[in-house]
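In: A structural model of the following input is requested.
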Amino acid sequence: MNKRWSKETRALLQKKKRKETNRFIVEGYKNLEELFRSPLKIHALFYTEKLNALLNENLISSISVVDETTPELLKQNGNLQTNDTGLAVVETPTFDLPTAEELPNFCLALDDVRDPGNLGTILRVADWYGIKDIFLSKQCTDPFSPKVVASTMGAFSRIQTHIVDLPELLRKYKNEGIQIIGADMDGKDIHQFIPDQKSIMVMGSESHGISEEVHQVLSTKITIPKYGEAESLNVAIATAIICDNIKRV
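Out: Prediction:
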């Protein structure tokens, strides 16, 4: 990895540079394995011999810069301190917003979810349950930050994330007949809830829940019944429980 690429790769640890260059980094064996299976465009790949099993001539010929390096350089220029396999510089994908007709039967919307680990886990949960579209408010953490990508375990390559004016978009979908569901302590019991044919599930921030502006758009609210003494649930765990219950219907 030469000085130019070291500088460019380290710069992508910053959100500003990711936005300016429309690029992000992918690190580690599992995430690189999923990346190589995806249609995402790879601009550069830096790897050690431990990644050789995943490399082939077609893959290598499709990447402009391919360079064998050392675990020490991977650690110096990336976010992971245990990365001894590889690091890729990838073009950030963009996705068209689905129309109400194109919208899958069930989608997720996240309102001000700022913890990278939570967002990454939610993407992984969505991938498990076959949810392809997630709408993110502009206050959410960057879905292509290194910490988010690392915690998705490959889901970043399959989920379509849309960064939007969330209240405005939800209002538009609601006016076109889409049910907007909010997770709220005062909502209906999720165990007794049956969603409409097409719905969007809104999960709020870790500390404040759903914003007032989004609350005004909701069609209905649901909650996970509490049986113990815990004050609240982690947003990623709550998302998993809700997805499981809705997917059973």
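In: okay, now the nearest residue to residue 37 once chain neighbours are set aside: neighbour count?
Out: In space, residue 37 comes closest to residue 157 once its chain neighbours are excluded; the distance is 7.2 Å by Cβ to Cβ, 6 or more residues apart in numbering. In this view, the C-beta of every residue, glycine as well, is placed from N, C-alpha and C. For residue 157, the count of nearby residues is 20 (other Cβ atoms under 10 Å).
In: could you do the one 3 residues further on as well?
Out: Summarising burial for residue 160: neighbours were counted as other Cβ under 10 Å, giving 18.
In: give me the neighbour count for the residue nearest to it when sequence neighbours are not counted.
Out: Closest residue in space to residue 160, ignoring its immediate chain neighbours: residue 95 at 4.2 Å, by Cβ to Cβ, 6+ apart. Other residues within reach of residue 95, judged by other Cβ under 10 Å, total 11.
In: contacts only, for residue 95.
Out: Contact analysis of residue 95 by Cβ atoms under 8 Å, 6 or more residues apart in numbering lists 133, 160-162.
In: and it, which of the three is it?
Out: Assigned with DSSP: H, G, I helix; E, B strand; the rest coil, residue 95 falls in the coil class.
In: got phi/psi on it?
Out: phi -130, psi 140 (degrees, to the nearest 10).
In: quick one on the thing from earlier: quick one: which of the contacts of residue 95 sit in helices?
Out: Nothing among the contacts of residue 95 maps onto helices, per DSSP state H.
In: scan the residues you listed and report the most crowded one.
Out: Neighbour-wise, these (other Cβ under 10 Å) top out at residue 161, 24 neighbours.
In: mind checking pLDDT for it?
Out: What the model reports as pLDDT for residue 161 is 97.
In: so it makes contact with residue 141?
Out: No. If you go by Cβ atoms under 8 Å, residue 161 and residue 141 don't touch, sitting 11.0 Å apart.
In: before we move on, the earlier item: if I look at the residue nearest to residue 37, how far off is residue 135?
Out: When Cβ to Cβ, to the nearest Å is the yardstick, residue 157 and residue 135 sit 19 Å from each other.
In: likewise residue 205?
Out: Here the criterion is Cβ to Cβ. By it, residue 205 lies 15 Å from residue 135.
In: sorry, back to before: got phi/psi on the residue nearest to residue 37?
Out: With angles defined as degrees, to the nearest 10, residue 157 sits at phi -80, psi -10.
In: close enough to count as contact, it and residue 32?
Out: No. At 10.2 Å, residue 157 does not count as touching residue 32 under the criterion of Cβ under 8 Å.
In: domain map for this structure?
Out: 3-91, 106-248 (automatic domain parsing).
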